[in-house]
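# here's my sequence, what's the structure:
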Amino acid sequence: MNYVKALCDYVVNNHQNIQIQMFGNLEEQQAKMEAQLREIIVHGESGGGAVKITANGNKEVTDISIDKSKIDLEDIEQLEDMLLIAIEQALNNAGEQAAAASQDMIKDMLPPGLGNLGNLFG
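Alright, predicted model coming up:
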């Protein structure tokens with residue numbers, strides 16, 4: 001019984017160290033994930049390529065390209081619609097890429113010896 005009490009005391013007093021040993025520093029993991037997501041480049045377009053959007057895995061728009069020869073510059077509403085469509089497409093693509101990267105990171109964070117638990121994440 002003394003062993004159980006000692007183990008419980010150890011866990012209570014050292015829970016942060018145990019967590020770091022099992023899962024690593026979560027803030028460090030988050031910073032690593034954000035850096036990885038910045039490296040992922042995705043695209044969206046509309047109007048047959050009239051509007052092209054580039055974003056990264058953090059859902060940050062990094063570039064907007066408008067081909068003036070493919071749009072009517074007098075029709076601002078059309079341009080706005082094309083921008084919205086292309087941005088939504090790029091951000092959806094970024095979300096899909098981020099989800100896949102997050103699943104991989106969670107698998108990597110699992111402590112050894114948990115069998116097939118990693119299969120729960122994809």
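# what packs against the helix or strand harbouring Ile53?
Using DSSP states H and E, the element containing Ile53 is strand 51-56. Where contact means 3 or more C-beta pairs under 8 Å, 6 or more residues apart in numbering; DSSP states H and E, strand 51-56 is packed against helix 26-39, strand 41-46, strand 61-66, helix 76-109. C-beta coordinates here come from the backbone N, C-alpha and C atoms, glycine included.
# and the angle from it to helix 26-39?
150 degrees (axes from the mean of the first three to the mean of the last three C-alpha atoms, to 10 degrees).
# distance of Asn58 from Ala98?
7 Å (C-beta to C-beta, to the nearest Å).
# neighbour count winner among those two?
Applying other C-beta atoms under 10 Å to Asn58 and Ala98 shows that Ala98 carries more neighbours, namely 20 against 16.
# quick check: phi and psi at the closest residue to the more buried one other than its chain neighbours.
Distance criterion C-beta to C-beta, 6 or more residues apart in numbering; nearest residue to Ala98, sequence neighbours excluded, is Gly57 at 4.9 Å. Backbone torsions for Gly57, taken as degrees, to the nearest 10, come to phi -70, psi -10.
# on that earlier part again, give me the common contacts of Asn58 and Ala98.
Common neighbours of Asn58 and Ala98 are listed as Leu37 (criterion: C-beta atoms under 8 Å, 6 or more residues apart in numbering).
# helix or strand with the lowest mean pLDDT in the protein?
Ranking every helix and strand in the chain by mean pLDDT, DSSP states H and E puts helix 15-23 at the bottom, with a mean of 58.
# quick revisit: could the helices and strands packed on strand 51-56 go into JSON lines alongside mean pLDDT?
Output for the helices and strands packed on strand 51-56, formatted as JSON lines (pLDDT from 0 to 100):
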{"stretch": "helix 26-39", "mean pLDDT": "84"}
{"stretch": "strand 41-46", "mean pLDDT": "96"}
{"stretch": "strand 61-66", "mean pLDDT": "97"}
{"stretch": "helix 76-109", "mean pLDDT": "90"}
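# any idea which of these is most buried?
A comparison of those by mean neighbour count, using mean count of other C-beta atoms under 10 Å, puts strand 41-46 on top with a mean of 18.
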